[in-house]
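Asker: I need the structure of the sequence given here:
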Amino acid sequence: MKALVIEDTVTSATLICHLLDKMGLVPVRASDGLSGIEMFKQERPDLVLLDIIMPGMDGFEVARRIRQLEKDGEWTPIIFLSARASDEDLAEGINVGGDDYLVKPVSEVVLKAKVRAMQRIAQMRYSLLVLTRKLDEANRELTRLSSVDGLTGIPNRRCFDETLAREWRRSLRNRQSLSLLVADVDHFKEFNDTYGHQAGDDCLKAVAKSLAACLHRATDLVARYGGEEFAVVLPDTDEVGARAVAELMRDAVAQLAMAHSASSSADHVTLSLGVACCVPGDEPGASPASLLSEADKALYEAKRGGRNRVVVAQRSVDIAP
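Answerer: Sure thing, here's the model as predicted:
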């Protein structure tokens, strides 16, 4: 444990440093307020013993500046040293950030007791800080896990719902277009029946990775909507841009070339997609739910039309690129 002694009187500073050394602490000395502050910056001591009456800058001001130098979560015990022991001096010392008070001449027994007390407080505070950080990390991990699909590793339905609601509000404020894609792996039940559930899981993982690779903006989101369905939120994207992304995704899945002998659409795994687009606020009664409903209807039309294709909802508002 390193202790910074800021004391202008040589005999007093020498005595205190000697007592600290006997206690197993490493004393570091400064003879005035300004040099004490610089020493604090350099050494980052575990304890500060600070004289109140010094030339130039008094101990109260030094304590204020030391507290300003501490980063979030940091705390260095400060024990004031003074020949004055009035109630006003004690109150002022606590107000500026001091933790305890020693009357000079310093008693070895009292100094040892106060330093040990500060060590215990510092240790308890450090333990509490470590525990708090561990809890924060655990909470962040729980939050992340609650938003991620366990199989595919991409955002889950809950994250999709929250993102769609948030982006709807943002688009409403900014009068920007918002697009939504709903995708379905064609004949997935038949794929599972033919190749087994493990192969089905591997198929969904590969499709999810492929879809995520098609998005390059931080605001875009692809999520597992449920089963073999995926959903994509595209903020500030018009119908033309949304259709282009949908076609890119459809082609990316086809490029995986995963064999699907039970499919009536192709000899490999394919994707059908429905696209819906609007400018929130332009149409009375429009909502995230209605946009999702239109994308679902478009997906149904894509399946009815032979699958492995993209269909754009007819109600979508045409927006100039």
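Asker: Excluding chain neighbours, what is closest to residue 167?
Answerer: residue 235 (4.6 Å; Cβ to Cβ, 6 or more residues apart in numbering). To be clear about C-beta, it is placed using only N, CA and C from the backbone, and glycine gets the same treatment.
Asker: Wait, the one you found touches residue 170, no?
Answerer: Yes. The criterion here is Cβ atoms under 8 Å, and residue 235 meets it with residue 170 at 6.7 Å.
Asker: Residue 271 versus residue 187, what's the distance?
Answerer: According to Cβ to Cβ, to the nearest Å, residue 187 and residue 271 sit 11 Å apart.
Asker: of the two, who's got more company?
Answerer: Taking neighbours as other Cβ atoms under 10 Å, residue 187 and residue 271 compare with residue 271 leading, 27 against 23.
Asker: Show me what counts as buried in stretch 191-211.
Answerer: Neighbour-count burial for stretch 191-211 flags 191, 192, 195, 200, 203, 204, 207, 208, 210, 211 (criterion: 16 or more other Cβ atoms under 10 Å).
Asker: er, stretch 108-128 actually
Answerer: Buried-residue list, stretch 108-128, by 16+ other Cβ under 10 Å: 111, 114, 115, 118, 119, 122.
Asker: Could you do stretch 15-35 as well?
Answerer: 15-17, 19-20, 25, 27-33.
Asker: Now find how far off-centre stretch 18-35 is within its chain.
Answerer: Once both centres are worked out by Cα atoms, centre = their mean, to the nearest Å, stretch 18-35 turns out to sit 41 Å from its chain's centre.
Asker: avg pLDDT for that stretch?
Answerer: Mean pLDDT, stretch 18-35: 91.
Asker: what about it, start to end distance?
Answerer: End-to-end distance for stretch 18-35: 20 Å, by Cα to Cα, to the nearest Å.
Asker: now the residue nearest to residue 271 when sequence neighbours are not counted: how far from residue 194?
Answerer: The shortest distance from residue 271 to any non-neighbouring residue, by Cβ to Cβ, 6+ apart, is to residue 253 (4.3 Å). Distance of residue 253 to residue 194, computed by Cβ to Cβ: 18 Å.
Asker: Let me see the ranges of the strands in the chain.
Answerer: Assigned by DSSP state E, the strands in the chain fall at 2-6, 26-30, 47-51, 78-82, 100-103, 178-185, 221-226, 229-235, 271-278, 310-312.
Asker: Packing partners of the fourth one?
Answerer: In this structure, strand 78-82 packs against strand 47-51, helix 59-69, strand 100-103, helix 108-146, with contacts taken as 3 or more Cβ pairs under 8 Å, 6 or more residues apart in numbering; DSSP states H and E.
Asker: swap in the first one?
Answerer: For strand 2-6, the helices and strands in contact under the criterion 3+ Cβ pairs under 8 Å, 6+ apart are helix 10-22, strand 26-30, helix 33-43, strand 47-51.
Asker: relative to strand 47-51, how tilted is the third one?
Answerer: What separates the directions of helix 33-43 and strand 47-51 is an angle of 170 degrees, with axes from the mean of the first three to the mean of the last three Cα atoms, to 10 degrees.
Asker: got the angle between helix 33-43 and strand 26-30?
Answerer: 140 degrees.
Asker: for the stretch 51-200 of the chain, what are the low-confidence residue spans?
Answerer: Counting by pLDDT under 70, the stretch 51-200 of the chain contains low-confidence residues at 85.
Asker: the helices in the stretch 201-321 of the chain, which residues?
Answerer: Along the stretch 201-321 of the chain, counting by DSSP state H, counting those that start in this stretch, helices occupy 239-255, 288-304.
Asker: How about residue 9: what's its closest non-neighbour residue?
Answerer: residue 51 (7.3 Å).
Asker: residues in contact with residue 2?
Answerer: Residues near residue 2 by Cβ atoms under 8 Å, 6 or more residues apart in numbering: 25, 26, 28, 43, 44, 45, 46, 47.
Asker: do residue 92 as well
Answerer: Counted by Cβ under 8 Å, 6+ apart, residue 92 has contacts residue 60.
Asker: now the one 4 residues further on
Answerer: By Cβ under 8 Å, 6+ apart, the residues touching residue 96 are 60, 61, 63, 64, 67.
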